[in-house]
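> After the sequence you'll find the predicted model.
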Amino acid sequence: MTEGAARRAELAAHLAAVHERIDAACRAVGRSGEEVTVVAITKTFPASDVRLLAGLGVRHVGENRDQEARPKAEACRDLDLTWHFVGQLQRNKAASVARYADVVESVDRGRLVTALDRAAGEVGRRIGACVQVDLDERAHVPEPGVPGRGGCPPAEVLDLAGQVAASRHLDLLGVMAVAPLGADPVAAFDLLAAVHAQVLAEHPAAGMRSAGMSGDLEAAIAAGATHVRLGSALLGRREALK
Ligand SMILES: *Cc1c(COP(=O)(O)O)cnc(C)c1O
């Protein structure tokens, strides 16, 4: 087998295992596996892996750093993929991200909405946006040396969602969250469900709930996730960044 064929077989096996987990998690709560979309988080992995995943039927890919995502998306422009941006986003990167991202899941403050809206207008695209909700109920005190994972405090999500909905070039798709490290993911995803219900009451079309990663997709699906963001379960272990 060539290296490419071996990698393809490995990714195919991971993908099948992931779909089995998703189907089992859905069955356990009376949902259908078809209600859950896999977003393959390809950070640290090469464009060749994105290409293999696309060949295996993956339609959604996600990245968390603009400098890595931009060339990868460019190298895969011929593929029929929806690109999600899921990382913390600086306003000065909004213009770059607006060129390739179809969905920005990590919108967490008003100034970013303004910057993304302007950038999308300048490149003549519409971009989907989720409000990233900070589910960490322990005080919002940054720990030295620990990078924050971003997110809007739950009490401010409705205002931010309203701002996205009122923008000219962004479509409010729903909400996204990362379960806090070291906390119970079930409680965290229940909080996300409650926050999402408030958003849906005002914006009935904003049905996307992106929650769950390789380690906690079952808890996320039980709590109603529509999208799971899977990195290591699909692609394997990542080398530490930097
Ligand atoms: C890396 C990343 C993921 C995927 O993490 P895994 O545990 O490897 O599945 C999901 N969401 C975000 C925001 C990420 O940065």
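Received it, and whenever you're ready, just let me know what you need. As the structure is a prediction and not an experimental result, all values here were calculated from the model. Residues are numbered from 1 along each chain as shown.
> what ranges of this protein fall below the confidence cut-off?
138-149, 241-242 (pLDDT under 70).
> Count residues in the vicinity of the residue in it that the ligand sits nearest to, would you?
Here the residue of the chain nearest the ligand is residue 231; by C-beta to the nearest ligand atom that distance is 2.7 Å. Bear in mind the C-beta positions are built from the backbone N, C-alpha and C, glycine included. By other C-beta atoms under 10 Å, the residues close to residue 231 number 21.
> residues touching it, list them.
40, 41, 42, 43, 213, 214, 238 (C-beta atoms under 8 Å, 6 or more residues apart in numbering).
> How many neighbouring residues does the first one have?
The reference is to residue 40. So residue 40, with other C-beta under 10 Å, has 28 neighbours.
> Kindly report the residues of this protein close to the ligand.
41, 43, 64, 86-87, 178, 213-215, 229-233 (C-beta under 6 Å from any ligand atom).
> ok, 8 Å please
39, 41, 43, 62, 64, 86-87, 105-106, 149, 176, 178, 213-215, 229-235, 238 (C-beta under 8 Å from any ligand atom).
> Of the residues you listed, keep whichever come out buried.
39, 41, 43, 62, 64, 86-87, 105-106, 149, 176, 178, 213-214, 229-231, 233-235 (16 or more other C-beta atoms under 10 Å).
> Can you flag which of those residues belong to helices?
The helices, defined by DSSP state H, take in 233, 234, 235 from these.
> For the residue nearest the centre of the chain, list the residues it contacts.
The structure's the chain has its C-alpha centroid closest to residue 86; by C-alpha atoms, centre = their mean the separation is 4.5 Å. By C-beta under 8 Å, 6+ apart, the contact list for residue 86 reads 39, 41, 62, 63, 64, 105, 106, 176, 210, 229.
> Tabulate the residues you listed in TSV, adding columns for distance to residue 20.
Listed next are the contacts of residue 86 as TSV, based on distance: C-beta to C-beta, whole Å:
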residue	distance to residue 20
39	18
41	19
62	21
63	26
64	26
105	25
106	29
176	24
210	21
229	18
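> For the longest helix anywhere in the chain, list every residue counted as buried.
Counting by DSSP H, the longest helix found in the chain is helix 3-28. Across helix 3-28, burial judged by 16+ other C-beta under 10 Å covers 7, 8, 11, 14, 15, 18, 21, 22, 23, 25, 26.
> need these in JSON lines with distance to residue 77, can you?
Below are the buried residues of helix 3-28 laid out as JSON lines (distance: C-beta to C-beta, whole Å):
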{"residue": "7", "distance to residue 77": "21"}
{"residue": "8", "distance to residue 77": "21"}
{"residue": "11", "distance to residue 77": "21"}
{"residue": "14", "distance to residue 77": "25"}
{"residue": "15", "distance to residue 77": "23"}
{"residue": "18", "distance to residue 77": "26"}
{"residue": "21", "distance to residue 77": "31"}
{"residue": "22", "distance to residue 77": "28"}
{"residue": "23", "distance to residue 77": "32"}
{"residue": "25", "distance to residue 77": "33"}
{"residue": "26", "distance to residue 77": "33"}
